[in-house]
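Q: Predicted model and sequence follow; I will ask about them next.
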Amino acid sequence: MRFPTFILGLAVTFGAPWYLLVVKPYQFYRDLEPVAFDEEKDERTGMYPEGTSGAVAYGEMIFKREGCVQCHTQVIRPSYAGMDTYKPDFGKGGAENKGKYSRSSLPWDYSASDNAPLGFVRNGPDLSNVGYRRPDTKWHHQHLYNPRSINEWSTMPSFAHLYETKVLRGKPSEEAVAVFTDDNGYEKQVVPTYNAEALVQYLQSRKLSDAIPASLKPEATAAAK
Amino acid sequence: MSDQNSQSEDALQRTVLDRSTKLPVLFFITTAVFWLVVATILGFLSSVKVVNPEFMGDGWLYWTHYGRMQPAFTSSLLYGWGFNAAFGVMIWMMARLCRVPLKNPWTLVALGHVWNIALTAGILGIFAGHGTGLQWLEFPDFIWPVMLGAFIAITVWMVVTYRIRQVKETYISLWYMLGACFWFTWTFATANIFLRHVEKTGAYGAAINAWYTGTLVLLFFVPVGLASLYFIVPKITGRPIANYQLSTIGFWGLALFGGWTGIQKLMAGPLPVWIPGISGAATILVLVPILAVAVNHYRTVGDKHSLISSSPSLRFSFTAGMSLVVWGIVSAFMATYGLGKYTQFTIANEGNMMLVMYLFFTSAMFGMIYFMVPRLVGTEWFSAKLIRQHYWFTVYGMIGIVVCLVGGGIAQGASIATWDNTAVGALNISVGYLIGSAACWVFIGYSNLMFLLHLILMICRLGRRSSEPTLLRDATAHA
């Protein structure tokens, strides 16, 4: 086989999947437009998805940089691939939501992100809906600072390096995760840095199974066919 | 008489070729084995930290937490050990099979430095908290053009050597090596550009990332490993490859299906269903070229099976060949919805990656190193006992890791698939398996440290001075 023929063979066999699995689907995802809610059918107005704030985008960067994605996914799989949609600690949480269905993920859920961290291993719980399950900012800070102070069994590393110690004057900050007196008798408090605050805002924004316009629901897609 | 003459001429030419490649090949091999030891240490630490985050987790060592340790481990294993070993083996085989002595060895050494300095900066960047959270592409953004530049320069050298080759035949190993260079350049550039420098990838970024992990394995590490198997098997057995047709099927089958794989890892994710579907189908079809290669090698060895127990190179290569078949079968099962939904998003994927990266690729490279180094330095391996230990500790240690991770992954997945089970349940089930894999890393660490010492002895020319190769047992006893 001549060398140019060989290279042509490689280019054709690899070019096909490259175009069909990378370039073409990417264009589809890039061009995803937000979908409007229908006032009659959905009983609300607005767009889905709504835009995102700068702090949340910055928080996503912290999420990626710290490697959270090594253990946490953000995908709710439909029922043909497991019980994700019914799991209480994947959905909205709480006793009142136990056994209730939370819908599976759609491409629109991630369109606010340049490159969504869907994750590859579930050593920890799925974070798609952690914003519903844990609305409390203080809980997040306490958990990030020392995970085992909340769950004894947790294997999550401590992210104490996202917090800083400051001299305490007056009352401690509402978000302080620890207050102590150092060797010189100064009262000190441990408070979140901006990185920690952004990370918590990002986590609280994870409400991927929220309401979608009727036109995106499976029933509507099936009817259109 | 003329036959004898041509034989000694051949031997002389081989000596000239080996002398010309000595410097860069030894540089790449030594660097690779050094990175392997680093990867082993990081792999051990990371497997401990995933169960016990407080181990080395207090105070100033915060930057070693699992979220940074695990990417540092995979990066050093893939780009440190994997690529340096591949460079060394490819440069040596290219010169040998094209019969072209290497010119300007220092250029290749300089390129190797560029690659390794960029890699070191990348891993330090991950530890410093500048990782990207992309699987196998965790380096900070400025690293990849440097690495790609060094890789392309080495590729240019390969292609030039191929074009001025002094033999008429094109060996199948040459195809695999040229293919690997071609595919890696394309897939690495695509993945980095799309994932780092293109906006609004949304959920599809994860799919492109998964595609990159699939193609990196099937279109870089597998071809390089197969190139070395296609070299070692005929060399040691002294027979030509059994079937030319099967070799062609093996190569073009891989080229045809390899590029479609990877995205099955995101089955049932927020993607059009046909994309993971086609990826899964391609992963199953890859079994065809893998089995074609396996049958071909099996028939080439023929009745000379006793050589597997006596020759270190053939023994490692045989292990590699077997592991590739096992990996193909495990991957095919994991690519179906039936089993895949239990192994998806679990440590089974890590186990499967260790199966192909370590039991297949690393064994193939070990086989090649045991063959090359005596020819480059002019002394034989110091001790058969050390080689035996290296072999058994590697094989048992890695089988232990793979079984723990794949088995643990299935248990973890089954627990996640129970609707009323919470994170505690899945965690408690996988912890035992993770501790098992951490224990097996100790075996791997011991074997790799011994191997590094053995290699350094060889490079310091402290090997055996003998005309007989170091065999694991007397070859004639069981022939």
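A: Cool, the structure landed. Numbers count the residues shown, from 1 in each chain, chains lettered A, B, ... in the order given.
Q: Enumerate the residues of the stretch 301-450 of chain B near chain A.
A: Proximity of the stretch 301-450 of chain B to chain A, by C-beta under 8 Å from any C-beta of the partner chain, involves residues B:337, B:340-342, B:344-347, B:349-350, B:412, B:416-424, B:426-428, B:430-431. For every residue, glycine as well, the C-beta is placed using N, CA and C.
Q: Skipping adjacent residues, who's closest to whichever residue of chain A sits closest to chain B in space?
A: Nearest to chain B, among the residues of chain A, is residue A:67, at 2.6 Å (C-beta to the nearest C-beta). Distances taken as C-beta to C-beta, 6 or more residues apart in numbering or on different chains place residue B:67 nearest to residue A:67, at 2.6 Å, with adjacent residues excluded.
Q: just checking, that neighbour is part of a helix?
A: Yes: per DSSP: H, G, I helix; E, B strand; the rest coil, residue B:67 lies within a helix segment.
Q: what's the burial count for it?
A: Applying other C-beta atoms under 10 Å in any protein chain shown, we find 27 residues neighbouring residue B:67.
Q: In contact with it, which residues?
A: A:66, A:67, A:68, A:69, A:70, A:71, A:157 (C-beta atoms under 8 Å, 6 or more residues apart in numbering or on different chains).
Q: Same list (these) but as JSON lines, adding secondary structure, neighbour count and pLDDT.
A: Shown next, in JSON lines, are these (DSSP: H, G, I helix; E, B strand; the rest coil; neighbours: other C-beta atoms under 10 Å in any protein chain shown; pLDDT from 0 to 100):
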{"residue": "A:66", "secondary structure": "coil", "neighbour count": "22", "pLDDT": "95"}
{"residue": "A:67", "secondary structure": "coil", "neighbour count": "25", "pLDDT": "94"}
{"residue": "A:68", "secondary structure": "helix", "neighbour count": "24", "pLDDT": "95"}
{"residue": "A:69", "secondary structure": "helix", "neighbour count": "27", "pLDDT": "95"}
{"residue": "A:70", "secondary structure": "helix", "neighbour count": "25", "pLDDT": "95"}
{"residue": "A:71", "secondary structure": "coil", "neighbour count": "21", "pLDDT": "94"}
{"residue": "A:157", "secondary structure": "coil", "neighbour count": "25", "pLDDT": "94"}
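Q: buried ones in the longest helix along chain A?
A: Using DSSP state H to define each element, chain A has its longest helix at helix A:3-17. By neighbour count on 16 or more other C-beta atoms under 10 Å in any protein chain shown, the buried set for helix A:3-17 is A:6, A:9, A:10, A:13, A:14, A:17.
Q: check contacts around the fifth one.
A: Applying C-beta under 8 Å, 6+ apart, one finds that residue A:14 lies in contact with B:182, B:183, B:186, B:219, B:255, B:258, B:259.
Q: Nearest residue to the second one in space, please, no chain neighbours.
A: Of all residues not flanking residue B:183 in the chain, residue B:219 sits nearest, at 3.7 Å (C-beta to C-beta, 6+ apart).
Q: count of neighbours near the one you found?
A: Counted with other C-beta under 10 Å, residue B:219 comes out at 24.
Q: what does residue B:101 give?
A: With other C-beta under 10 Å as criterion, residue B:101 counts 16.
Q: what's the answer for residue A:30, then?
A: There are 14 residues near residue A:30, going by other C-beta under 10 Å.
Q: how close does the closest residue to it other than its chain neighbours sit to residue B:141?
A: Using C-beta to C-beta, 6+ apart and skipping the chain neighbours, the partner closest in space to residue A:30 is residue B:200 (4.7 Å). Per C-beta to C-beta, to the nearest Å, residue B:200 is found 17 Å from residue B:141.
Q: most residues in a single helix of chain B, which one?
A: Max-length helix for chain B by DSSP H is helix B:2-49.
Q: The residue lying closest to residue B:128 once chain neighbours are set aside: what's it in contact with?
A: Once flanking residues are discounted, residue B:128 sits nearest to residue B:63: 7.0 Å by C-beta to C-beta, 6+ apart. When contacts are counted by C-beta under 8 Å, 6+ apart, residue B:63 is found next to A:161, B:127, B:128, B:129.
Q: Name the nearest of those relative to residue B:437.
A: residue B:127 (22.2 Å; C-beta to C-beta).
Q: about what we covered before: can I assume the residue nearest to residue B:183 is in contact with residue B:258?
A: Yes: in this structure, residue B:219 is within contact of residue B:258 by C-beta atoms under 8 Å, at 4.6 Å.
Q: Please enumerate the shared neighbours of these two.
A: Shared contacts of residue B:219 and residue B:258 (C-beta under 8 Å, 6+ apart): A:14, B:183.
Q: For residue B:324, give me phi and psi.
A: Per-residue torsions, residue B:324: phi -60, psi -40 (degrees, to the nearest 10).
Q: Neighbours of the spatially closest residue to it that is not a sequence neighbour, how many?
A: Closest residue to residue B:324 apart from its sequence neighbours, by C-beta to C-beta, 6+ apart: residue B:360 at 4.7 Å. Residue B:360 has 27 neighbouring residues, counting by other C-beta under 10 Å.
Q: With residue B:189 instead?
A: 15.
Q: repeat for the one 5 residues further on
A: The local packing of residue B:194 (other C-beta under 10 Å) involves 20 other residues.
Q: what's it in contact with, if anything?
A: Counting by C-beta under 8 Å, 6+ apart, residue B:194 has contacts A:22, A:26, B:201, B:205, B:208.
Q: again with residue B:351
A: B:401, B:402, B:403, B:404, B:405, B:406, B:407, B:408, B:409.
Q: ok, the second one to chain A distance?
A: Which is residue B:402. Distance of residue B:402 to chain A, given as C-beta to the nearest C-beta, to the nearest Å: 16 Å.
Q: quick one on the thing from earlier: do you know the pLDDT at the residue nearest to residue A:67?
A: Looking at residue B:67, its pLDDT stands at 95.
Q: ok, back up a step: which of the contacts of residue B:351 lies closest to residue B:463?
A: Using C-beta to C-beta, the contacts of residue B:351 come closest to residue B:463 at residue B:401, 30.6 Å.
Q: Work out for me the element that closest one sits within.
A: Element membership for residue B:401, per DSSP states H and E: helix B:384-416.
Q: helices and strands around that helix, which ones?
A: The contact analysis (3 or more C-beta pairs under 8 Å, 6 or more residues apart in numbering or on different chains; DSSP states H and E) places helix B:384-416 against helix B:312-334, helix B:337-343, helix B:348-354, helix B:363-377, helix B:423-459.
Q: Now it: buried residues?
A: Buried residues in helix B:384-416 (16+ other C-beta under 10 Å): B:384, B:386-387, B:389-391, B:393-395, B:397-416.
Q: low pLDDT regions in the chain?
A: As the question left the chain open, I've gone with chain A. A:221-225 (pLDDT under 70).
Q: not what I meant, chain B
A: B:1-3, B:474-479.
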